[in-house]
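attaching a predicted model along with its sequence, questions to come.
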Amino acid sequence: MAQQQPHIAILGAGIFVRNTYIPRLAEISHLLVLRAIWSRSEESARGAVEIAKKFFPDVECKWGEAGLNEIIQDASIIGVAVVLAGQTQVDMSLRLLNGGKHVLQEKPAAASGTELEKAISVYSSFNAAPIWAVAENYRFEPAFVEGKKLMAEIGDIINFHVIIEGSMNSSNPYFSSSWRRDFVGGFILDMGVHYISGLRMLLGSEVTSVSAITSHVDSTVPPPDHISSTIQTENGSSGVFVMIVSSRSPKVLWRMVGLKGTLQVERGNKDGKHGYTVILYTADGQSKSWFYPFSGVTEELKTFLSDISLASLKKDGSYQVEPRLSYVEGARDVAVLDAMLESGKRQGAPISVKNL
């Protein structure tokens, strides 16, 4: 028997909902029923609903505490995407989970290591807990899925480095985002979880300790705007992570150096499409390259919809979410950056990463 389309709602009506969530959900509209979009203000909610109605004509507009309660109490809505300010997402997610909703929370998983531990503790206390997923699209990007498979080709890791020279300037729609400017860790934490997730996926090994220097040079973005960190992993390999929030010449690169070769993943574009080029350098001096356009957001949404559909058939909470979506995976990304930021505050003192 074919699965019914899951009914979902979106909490949030900001830039990412309007520019990404609604268009990506529209591409897979046959897989879901979008029942409602909620925001704290009626004006914001109506603005997002107006866009969504082109693809989901029956979507309802909800706002304020009354609208939120209506979503929670509607038993036909089984899943909710939480796309709110980073400071409020965990509390909202836990409220929805306690109300029996499966949740797809936008990254970052939490605003700090302390909040992570509290969130995991509360969630683990729920009986037959619904799915709590974190929307980290890098774990679903084909470049990283395929790159992870190629890691076996390069042998034991000697070293790795991640170079992120971002483009967060006034032309970026998120540049003026108020919650990101009030966020502890600023854009480093909000953006950085993507790059840490990519690194962790390629490595297949957890980060155990870091030593970092942070600085604030560009006054147009919140502190810190730069981080340079050494990284030690549980399998004994080490490397560096360097991130600049705003650069005049953006570059996003992961390079893994092994005994038998090197794997490189770099952001770029080809034939008008943005994505990643994966290059495998082999021991015989040859190289192969592949280009993968971005599609991670769509893939993560499809996976979440499939998981909540299957979970709804098992009312006892026994269904396990796809590991790449799990809250713990998103939490581990934050834990690494949280340790780097703490090390930066201590002028580079080695900091162990929380074991979640």
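Noted; the coordinates are in hand.

in the stretch 101-250 of the chain, which spans are strands?
Taking DSSP state E, counting those that start in this stretch as the criterion, the stretch 101-250 of the chain contains strands spanning 102-106, 132-135, 157-167, 207-215, 226-233, 238-244, 246-258.

nearest to residue 265, out of those?
Using Cβ to Cβ as the measure, strand 246-258 is the one of the strands of the stretch 101-250 of the chain that comes nearest residue 265, at 4.5 Å. All C-beta spots, glycine's among them, are computed from the backbone N, C-alpha and C.

run a quick neighbour tally on the closest residue to residue 283 other than its chain neighbours.
Leaving aside its chain neighbours, residue 283 sits nearest to residue 260 (5.0 Å; criterion: Cβ to Cβ, 6 or more residues apart in numbering). Residue 260 has 13 neighbours, counted by other Cβ atoms under 10 Å.

so residue 260 makes contact with residue 282?
Yes - look at residue 260 against residue 282 with Cβ atoms under 8 Å: they come within range, at 7.3 Å.

what do the two both touch?
residue 153 (Cβ atoms under 8 Å, 6 or more residues apart in numbering).

which residues does the residue nearest to residue 283 contact?
153, 154, 155, 282, 283.

backbone dihedrals for it, both of them.
For residue 260, the backbone dihedrals (degrees, to the nearest 10) come out as phi -110, psi 0.

coming back round to it: buried among the contacts of residue 260? Need that as a selection in PyMOL.
Here is the PyMOL command that selects only those of these that count as buried (16 or more other Cβ atoms under 10 Å):
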select buried, resi 153+154
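
which two of the contacts of residue 260 have the greatest separation?
Farthest pair in the contacts of residue 260 (Cβ to Cβ) is 155 and 282. Separation: 10.5 Å.

shared neighbours of these two, anything?
260, 261.

could you look up the SS state of the closest residue to residue 47 other than its chain neighbours?
Spatial nearest neighbour of residue 47, chain neighbours left out: residue 13 (6.3 Å); criterion: Cβ to Cβ, 6+ apart. What DSSP: H, G, I helix; E, B strand; the rest coil gives for residue 13 is coil.

wait, doesn't residue 36 sit right on residue 58?
No - the criterion here is Cβ under 8 Å, and residue 36 misses it with residue 58 at 9.8 Å.

ok, these two, which is more surrounded?
Remark: of residue 36 and residue 58, residue 36 carries more neighbours, 24 against 10, as counted by other Cβ under 10 Å.

and the more buried one, how far from residue 96?
Note on residue 36: its distance to residue 96, by Cβ to Cβ, to the nearest Å, is 13 Å.

which residue is nearest the middle of this structure?
The centre of the chain sits closest to residue 136, judged by Cα atoms, centre = their mean, with a distance of 2.5 Å.

give me the number of residues near residue 65?
Residue 65: 8 neighbours (other Cβ under 10 Å).

what secondary structure does it sit in?
Residue 65 - assigned by three-state DSSP - is helix.

any idea how far stretch 315-329 is from the chain center?
Computed by Cα atoms, centre = their mean, to the nearest Å, the separation of stretch 315-329 from the middle of its chain amounts to 16 Å.

for beta bridges, what are the partners of residue 207?
As for beta bridges, residue 207 partners with residue 233 under DSSP bridges.

would you agree it is in contact with residue 230?
No - the criterion here is Cβ under 8 Å, and residue 207 misses it with residue 230 at 10.6 Å.

who has more neighbours out of these two?
residue 207 (26 against 17).

residues touching that one, list them.
Contacts of residue 207 (Cβ under 8 Å, 6+ apart): 196, 199, 200, 231, 232, 233, 234, 336, 339, 353.

let me see the contact set for the first one.
By Cβ under 8 Å, 6+ apart, the contact set of residue 196 is 207, 241, 333, 336, 337.

same question, the last one
Listed by Cβ under 8 Å, 6+ apart, the contact set of residue 353 reads 206, 207, 208, 209, 210, 335, 336, 339.

7 Å instead, please
The contact partners of residue 353, by Cβ atoms under 7 Å, 6 or more residues apart in numbering, come to 207, 208, 209, 210, 335, 336, 339.

which among these end up buried?
Among the contacts of residue 353, those classed as buried by 16+ other Cβ under 10 Å are 207, 208, 209, 210, 335, 336, 339.

assess the claim that the second one and residue 236 are in contact.
No - the pair residue 208 and residue 236 fails to qualify as a contact (Cβ atoms under 7 Å) at a distance of 9.6 Å.

on that earlier part again, pretty sure the residue nearest to residue 47 contacts residue 43?
No - the pair residue 13 / residue 43 is not scored as a contact, 9.1 Å apart, by Cβ under 7 Å.

hey, which helix or strand in the protein has the poorest pLDDT?
Scoring the helices and strands of the chain by mean pLDDT, DSSP states H and E places helix 178-181 at the bottom, with a mean of 57.

quick check, residue 17 in a strand?
No - Residue 17 is assigned helix when assessed by three-state DSSP, not a strand.

ok, it - how many residues close by?
Residue 17: 24 neighbours (other Cβ under 10 Å).
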